[in-house]
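*Asks:* Sequence and computational prediction follow.
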Amino acid sequence: MDAEQTISIKFHALPHSKESESALISALMQEPNLIADARAKLPPAAFYHEAHRIIFERLLEFHELSLPVDAVMVTNVLRDKDLLDKVGGPAAITELFTFTAALTNYAEYIRDVEQRYQRRRQIKAARKSLRVLEESEPSDTEAPAKAKALIEAAMKGSTPVGPDFKRALLSAGSLCAMTLPQRPGLLGQWMKEGDLGYLFAPRGAGKSWLAMLIAKAISEGAALGEWQGGEARPVTYLDCEMNLSDLRERLAKIGATGEALSILSNESLFRNDLAAINIANPTHQAALSAMLAPGCLFIIDNLSTAQVGIAENENDAFDLLRPWLLSLRHRRITTLIVHHAGRNGFMRGASRREDMAHWIISLKDATPDGGTTAFLTTFVKCRNCRASEAPPLLWTLADTGQGIKVTCKVHSGPEAMLGHIRDGVSSASELADLLGVAVGTVSKWAKKLQSTGLIRKDGRGYAPAEPSPFDDH
């Protein structure tokens, strides 16, 4: 026999048990409290079958978001992520939920899945070490040590340290080469599908009126004032403050009578023997998520009355809402949150909630004494467009007796600039961007305001000549 000969190795299927994996997934679905234990003992890669691995990853997400686990929710999330077909469709989810798995045998299921996973790791390491030896040069004295290290590492086992983030890692080149759909515009240049934004104002300034007008416009795919319309979308308006009769009167006055706009109010919940909504409650978050269609607009009016148990001025308290709001974004749901302004004129509460926002609209009462209802809107944050594409607007709402007539015009000129300076905007370039004019025009208006004693030079910028209620912030 030759001293050297070719060795043919036939590799069999790697160790796995579809039955154990199904039983474990079924046990986790039946008793979600076990998910935390499973996460500590198994990584998603422990599941040999892709369908089980995908479902296990979703169950971990549900646990992280404190969402209840049921067949409908799991199916909806998989469908939204285009993963439902990969796991075998709705029937496969139902089968796992109804799979006969004895919860008393949970420890055995997880042990069997973990042991088979470790054996697969060891076999793969052995194969890799063999390749290292086969492909190395005889002069490579480090190859045996490398092969041995591979085997030793696999024999030590592994402890899950969390999600495999590397799977989602993209190089700049691969990201630039990806075909990604553009986010459709819903209203003006500033609102796009999947946005999170805020509309804030002092009490009684008209923020609910504007929120309802936005809801009507998007449900009809229509323009609103200076904001051009986009594709019509279903809208869910969550009102946690007004009576149903007042809601009906307002909707009738603005002509919002279409079926694409749905109203969910606390009074309606009470009439149906349901508890008032608390968006800080994970169970209520899950129920709202199941109700909302991907791509819709969801309006919460307002933040103070829609949540219970969140310390408004503590940044960490926002963590009760953050994962849920992010999950809505991933489902292409646009969320508009109506909120109150503080005494300093800025949005009330801790600042962390603003970090995720694509845009923030400030609304201020501009109604003359005894005159027609009017308010001024200004973007204090806008990621989706330049400031000149979302200028301040002056709105009037005239009650004709037959309905509300809405008029809107760009708020510009020296008076508008004075308002921005009183709000803390000082540089000529920032004022020019906000007002959509040239820096030279800002200088011209500034001279006029200085001559009347309303503003003064402050270094290279401008400041109010007299203290205003917005200076103390």
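*Replies:* Yep, it's here. Only a predicted model underlies this, so the values are computations on that prediction, with no experimental measurement involved. Residues are numbered from 1 along each chain as shown.

*Asks:* Once you drop chain neighbours, what's closest to P282?
*Replies:* Among residues not flanking P282 along the chain, S66 sits closest, at 3.7 Å (CB to CB, 6 or more residues apart in numbering). No exception for glycine: its C-beta is placed from N, CA and C like everyone else's.

*Asks:* For the one you found, give its distance to R343.
*Replies:* Going from S66 to R343 by CB to CB, to the nearest Å gives 34 Å.

*Asks:* more crowded one of these two?
*Replies:* S66 (15 against 10; other CB atoms under 10 Å).

*Asks:* Which element, helix or strand, includes that one?
*Replies:* For S66, there is no host helix or strand (DSSP states H and E).

*Asks:* cool, and K364?
*Replies:* Under the criterion of DSSP H and E, K364 resides in strand 359-365.

*Asks:* helices or strands up against that strand?
*Replies:* Strand 359-365 sits against strand 196-201, strand 373-382, with contacts defined as 3 or more CB pairs under 8 Å, 6 or more residues apart in numbering; DSSP states H and E.

*Asks:* Please work out which of the ones you listed is packed deepest.
*Replies:* strand 196-201 (a mean of 23; mean count of other CB atoms under 10 Å).

*Asks:* what lines up beside it in the sheet?
*Replies:* strand 334-340 (parallel), strand 359-365 (parallel) (DSSP bridges).

*Asks:* can you list contacts of it?
*Replies:* Strand 196-201 is contacted from outside by 191, 207, 210-211, 325, 328-329, 334-341, 347-348, 353-354, 356-365, 375, using CB atoms under 8 Å, 6 or more residues apart in numbering.

*Asks:* A217 and P464, how far apart?
*Replies:* On the measure of CB to CB, A217 and P464 end up 35 Å apart.

*Asks:* and if you look at A446?
*Replies:* Where P464 is concerned, A446 sits at a distance of 12 Å (CB to CB).

*Asks:* Overlap of the contact sets of those two?
*Replies:* Common neighbours of A446 and P464 (CB under 8 Å, 6+ apart) are I455.

*Asks:* Looking at those two, which has the bigger crowd around it?
*Replies:* A direct count of neighbours by other CB under 10 Å for A446 and P464 places A446 higher, at 22 against 19.

*Asks:* List the residues that contact the spatially closest residue to the more buried one that is not a sequence neighbour.
*Replies:* Nearest residue to A446 in three dimensions, chain neighbours excluded: Y462, at 5.8 Å (CB to CB, 6+ apart). Y462 makes contact with I421, S426, A428, L431, A446, L449, I455, R456, according to CB under 8 Å, 6+ apart.

*Asks:* Please tell me how far the strand holding K364 is from the chain's geometric centre.
*Replies:* Strand 359-365 sits 21 Å away from the centroid of its parent chain (CA atoms, centre = their mean, to the nearest Å).

*Asks:* which residues touch the helix or strand harbouring D37?
*Replies:* Under the criterion of DSSP H and E, D37 resides in helix 35-41. Under the criterion CB under 8 Å, 6+ apart, residues L24, L28, F56, L59, L60, F62, H63, V69, I110, E114, P160 lie in contact with helix 35-41.

*Asks:* By pLDDT, give me the weakest of those residues.
*Replies:* pLDDT is lowest at P160 among the contacts of helix 35-41; the value there is 47.

*Asks:* where along the chain do the strands fall?
*Replies:* 185-187, 191-192, 196-201, 235-239, 261-265, 297-301, 334-340, 359-365, 373-382, 393-399, 404-410, 455-458, 461-464 (DSSP state E).

*Asks:* For the residue nearest the centre of the chain, which non-adjacent residue is spatially closest?
*Replies:* In the chain, the residue lying closest to the centroid (CA atoms, centre = their mean) is L326, at 2.6 Å. Counting by CB to CB, 6+ apart, M356 is the residue found nearest to L326 once chain neighbours are left out, at 7.4 Å.

*Asks:* Next, the contact list for that neighbour, please.
*Replies:* Counted by CB under 8 Å, 6+ apart, M356 has contacts L196, R322, L325, L326.
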